[in-house]
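[1] Next one to model:
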Amino acid sequence: MTLAALIGNPNTGKTSLFNKLTSSYEYIGNWSGVTVEKKIGQFRNKTGYLTDLPGIYTLQPLSQDEGVAASYLINESPELFINIVDASQLERNLYLTLQILEYGRPVIMGLNMIDVAEASGLAVDSELLARQLGISVVPLIARKGIGTDFLLEEINSADHCFPDFTLNYGDIIEEAITLISRELIAVPPENLSYSSERWLAIQILEQNSVVTSSLSSYASLDKLSSIQNAANEKLRKSGNAESLSDRIRFIRTAKIQEICRQAVDTSGQKPHTLTEKIDRIAAHPVWGIPIFLLAMLVAFQLTFDWLGNPLSDLLDAFISGPLSELARQGLAAVDASAFTQALIIDGIIAGVGGVLVFLPQILILFFMISFIEDSGYMARITVMMDRFMQLAGLNGKAMIPFILGFGCNVPAIMASRSIEQPKERTLTMLLIPLMSCSARLPVYALFAGIFFTKHQALVVLSLYILGIVLALLLAKLFSLTMFKDKHSFFMIELPPYRMPQSITLLRSTWEKGKGFLRKAGTFILGGTVLIWLLTYFGPGGANVEMDDSYLAVIGGLFASVLQPIGFGTWQSGASLVTGFMAKEVVVSTMNIIYHVPDTAGLQEQISLSFTPLQAYSFMAFILLYTPCLATVGVLRKETVSWKWTLFSIGYSLLLAYFVALVIYQGGRWIGFI
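    Predicted coordinates:
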C-alpha cells in the first residue's frame, strides 16, 4: 500500500486533485487557506492512502495551518510526495519544490493549471523541467480531471526513484551542513522521523521553528548551536552581510530562476490578463466595496424575495398539508395513543418542519457564497477590506473566516488557523460568532416576512452588516486593551478569476446544506422533543395548559430581564434559552408554543405578539447573543482555553442586551413602534 502526501503552495488545486484521486469530496475554493488541517483518503483504485496537507509556500511556517504541514515532515515519513504546482506561477512554486527534493523521498510533480498558463501566454516544457529536477512531471488540469489517470498510474508505479538533486550552497554553508549531519548521525534525535540528515541540517541552519522546537531537548543542541554560530561568523568575515537563512534563500532563488529561464517560454505572455481588467473595476479601492455590497444585496433579494420565498411557501404547504395528514392517518391506523400522536404531529413535525421550510432560502444563500468563493472574488474582498480591518486591529485575511461565518460559525473558526499572527487569530475566533450564520436565517426569514414584507432583503442585509460593524468595533477595543503591542502583517495570494463549474457549485451547496439537514435530524429533533415535553408537562401534571407548563416556568425566569429590550414574555425567554442548542430551535420552539399548523399560522400569532420595533430588536438579539453549543465546543478546541470560551459567551450576551436596548428604547424615543 502506497502512503503518499500531497503538498504544494496554497490555491494550486491540491484539494481538487485530492478529490479526483480519492473519489472523495473535500471543501474547495478559489482562495488560499481552504485546507487548514491534513486530510487522509484512500486512492480510488484502493492501492494506498493519500494525505492532503495545508498549502504552504515554504517549510518555514508562518501560520498554524502551515505548521501542520511542517510538523508532518518531521513526525511522519511518507513513501512518496506528490508536489502540485501552478504552471502559471512556476517560479514562486518551485521554492517549496526544492525543499521537498532535499527531504530525500521520491517526488512526482503535478504541473497543474496548464490551461491557465496557456491562457496567459506561457508555455512550460514539462519534459525539460523533469530532466532539470530529476523527477516525473505530469501536466494536469485538476478541476476537470485531465491528467489525473496518468498521475495515478505514476503513483502506482513500482519503481519510485529517489530524486538525484543536490544544491550546492557554497563552502561555508556546506561545511556547516556536513558537521551538523555528522552530529545527527552520531547522536540521532529521538522521536523525529526524517529521511535525510542533510535536509534536517539545512532546516536547523534556516532556524525552522517547528524543527528547532522539536530539538529543544536534543542532547547535542549546544554543539549544533556552536556550528551554526561559527558558520554565521565565517559568512560575515567573508564580506557577506546575509544571514545563513538569507544566503540559502538567495542560492535557491538563483537556481529557480535558472530553471525557469530554460523551461518556461514567456515570449507569448500577455501584458494584461482578464483578471487584471476585472480587478480595475471589481477590486477598485473606492467603488469596490459598494460593488460588493450591491452583490450581497442581490444575493439577499434572491434568497428572500425573488426565489426563496416562493419555494419556502411550497415546502411549507407540503409539510403542513399532505405530510402532516399522512402522518395523522398512519398514526390513527396503528391506533397510536393520543400522547404519541400529539408528540409526532404537534411536536416533531410542527417543530422540525417549521425549520425545514426555510431550507430553500438557506440553500440559495449557500449557493451564492460558494459562487463568491470559487470565482476568486473572495480574496479580493479581503484586500479591499484590509484598510478597514487594519483600523480595527485586524487585517484583511480575517474577512475570509468572517464571510465563511455567514454559512456556519464552526468551520469559520477552524479557517482562522490560516491567519499568521496569534493575536489576530484569537481575535478573529472570538468575533466570528457575531457573523450571522445560516442558523439565524430561519428567524430572520420568519420575522422579516411578517413585519418588513416589502424590504426583507434590506432588513436582513442590515443585520449582516450590523454583525460585521460591531465585530470591527470590538476588535479595536480588544486590540487596545487585551492585545496591546501585538504587531500585524497581511499576506494573501490573489487567484485568477474563473467561472465556477456548475457541478462544483451544486456539490458545495449540497455539502453545506447537508450540515443543516444533519442538524435538523439531531439537535433540532432532540430539542423539539424536549421542548414539546416541557410544554406537555408542568408542576400540575401532564397535558397542562401552555401557560402552566414547565417551559412557561423556565421562560418566565427571564421575562422581566427581557422587558426593557422589547420582548418580556415567557415565550420569548423560552425560545432564547432553547436557542443555545442551535439557533434554528428558536423557530421550532415558537411553532410548538403557539401550536399552529403551518408557517402562516405562526406568522399570524407572532404579528399579535410583536411590533416591528420589537421584532427588529429580537432579531438583533438573536444575531448577537451567546454562540450555539457547537460553536462553543469548537471555540474551546481551537483556543485551547476555557477563559477565552467563557469570555466569548459573556461579552456576546452583554453586547446583545445593550444593542437590543438601544434599538428598542431608541426607537420608542423617536416614536417608532
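
[2] mind checking pLDDT for residue 32?
    Listed pLDDT for residue 32 reads 45.

[3] And for residue 493?
    Looking at residue 493, the pLDDT reads 66.

[4] Buried ones in stretch 454-466, by neighbour count?
    Buried residues in stretch 454-466, counted by 16 or more other CB atoms under 10 Å: 456-457, 459-464, 466. To be clear about C-beta, it is placed using only N, CA and C from the backbone, and glycine gets the same treatment.

[5] Contacts for that stretch next, please.
    296-297, 300-301, 303-305, 309, 406, 435-436, 440, 444-445, 448-449, 452, 616, 619-620, 623, 659 (CB atoms under 8 Å, 6 or more residues apart in numbering).

[6] Settle this for me: residue 2 is touching residue 80, isn't it.
    Yes - between residue 2 and residue 80 there is a contact under CB atoms under 8 Å: 6.2 Å.

[7] Give me the more crowded residue out of those two.
    residue 80 (19 against 16; other CB atoms under 10 Å).

[8] For residue 349, see how far away that one is.
    According to CB to CB, to the nearest Å, residue 80 stands 53 Å off from residue 349.

[9] One more: residue 519?
    Residue 519 sits 17 Å away from residue 349, going by CB to CB.

[10] So residue 82 lies in a strand, does it not?
    Yes - counting by DSSP: H, G, I helix; E, B strand; the rest coil, residue 82 is part of a strand.

[11] count of residues packed around residue 125?
    Residue 125: 14 neighbours (other CB under 10 Å).

[12] my bad, should have said residue 612
    Residues near residue 612, counting by other CB under 10 Å: 16.

[13] thinking again about what came up before, of the contacts of stretch 454-466, just the buried ones, ChimeraX syntax please.
    Selection command for ChimeraX covering only the buried members of these, criterion 16+ other CB under 10 Å:
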select :296,300,301,303,304,305,309,406,435,436,440,444,445,448,449,452,616,619,620,623,659
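
[14] Filter the contacts of stretch 454-466 down to the ones in helices?
    With DSSP state H as the criterion, helices contain 296-297, 300-301, 309, 444-445, 448-449, 616, 619-620, 623, 659 from among these.

[15] Sketch out the strands for the stretch 501-650 of the chain, chain order is fine.
    Along the stretch 501-650 of the chain, counting by DSSP state E, counting those that start in this stretch, strands occupy 537-538, 541-542.

[16] Tabulate those strands (TSV), appending mean neighbour count.
    Shown next, in TSV, are the strands of the stretch 501-650 of the chain (neighbours: other CB atoms under 10 Å):
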stretch	mean neighbour count
strand 537-538	18
strand 541-542	9
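
[17] Select, out of the ones you listed, the one closest to residue 285.
    With CB to CB as the measure, strand 537-538 is the member of the strands of the stretch 501-650 of the chain nearest residue 285 (60.8 Å).

[18] so what does that closest one touch, helix or strand wise?
    Packing partners of strand 537-538 (3 or more CB pairs under 8 Å, 6 or more residues apart in numbering; DSSP states H and E): helix 550-562.

[19] quick one: contacts of the helix it packs on?
    Outside helix 550-562, the residues touching it (CB under 8 Å, 6+ apart) are 531, 534-535, 537-539, 546, 568-577, 589, 593.

[20] which of these count as buried?
    So, by 16+ other CB under 10 Å, the buried ones in those are 531, 534-535, 537-538, 546, 569-577, 589, 593.

[21] how about the residue nearest to residue 193 when sequence neighbours are not counted, phi and psi?
    Among residues not flanking residue 193 along the chain, residue 77 sits closest, at 4.4 Å (CB to CB, 6 or more residues apart in numbering). Residue 77 has phi and psi values of phi -130, psi 100 when expressed as degrees, to the nearest 10.

[22] give me the number of residues near residue 77?
    16.

[23] again, but for residue 547
    By other CB under 10 Å, 12 other residues sit near residue 547.

[24] Could you do residue 604 as well?
    12.

[25] swap in residue 634?
    Other residues lying near residue 634 total 20 when counted by other CB under 10 Å.

[26] Same question for residue 195.
    Residue 195 is flanked by 14 other residues according to other CB under 10 Å.

[27] where's it, which helix or strand?
    Counting by DSSP states H and E, no helix or strand carries residue 195.

[28] nearest residue to it other than its sequence neighbours?
    residue 104 (4.3 Å).

[29] show me the contacts for the one you found.
    By CB under 8 Å, 6+ apart, the residues touching residue 104 are 162-163, 195-196, 198-199.

[30] From residue 66, how far off is it?
    Residue 104 is 21 Å from residue 66, by CB to CB.

[31] Please enumerate the strands of this structure.
    Counting by DSSP state E, the chain has strands at residues 2-8, 39-42, 48-52, 80-86, 107-112, 123-124, 136-139, 264-265, 537-538, 541-542.

[32] Report the distance from the third one to the chain centre.
    Distance of strand 48-52 from the chain centroid (CA atoms, centre = their mean, to the nearest Å) equals 22 Å.

[33] tell me the mean pLDDT over it?
    86.

[34] That strand pairs with which strands?
    Strands flanking strand 48-52 in the sheet, each with its direction: strand 2-8 (parallel), strand 39-42 (antiparallel) (DSSP bridges).

[35] now do the last one
    Paired neighbours of strand 541-542 in the sheet (DSSP bridges): strand 537-538 (antiparallel).

[36] Report the buried residues of stretch 135-150.
    Applying 16+ other CB under 10 Å to stretch 135-150 flags 135-143, 147-148 as buried.

[37] Now do that stretch: everything it contacts.
    Here stretch 135-150 has contacts from 13, 16-17, 20-21, 84, 87, 101, 106-115, 126-127, 129-130, 151, 154, 161, 163, 165, 501, 504, using CB under 8 Å, 6+ apart.
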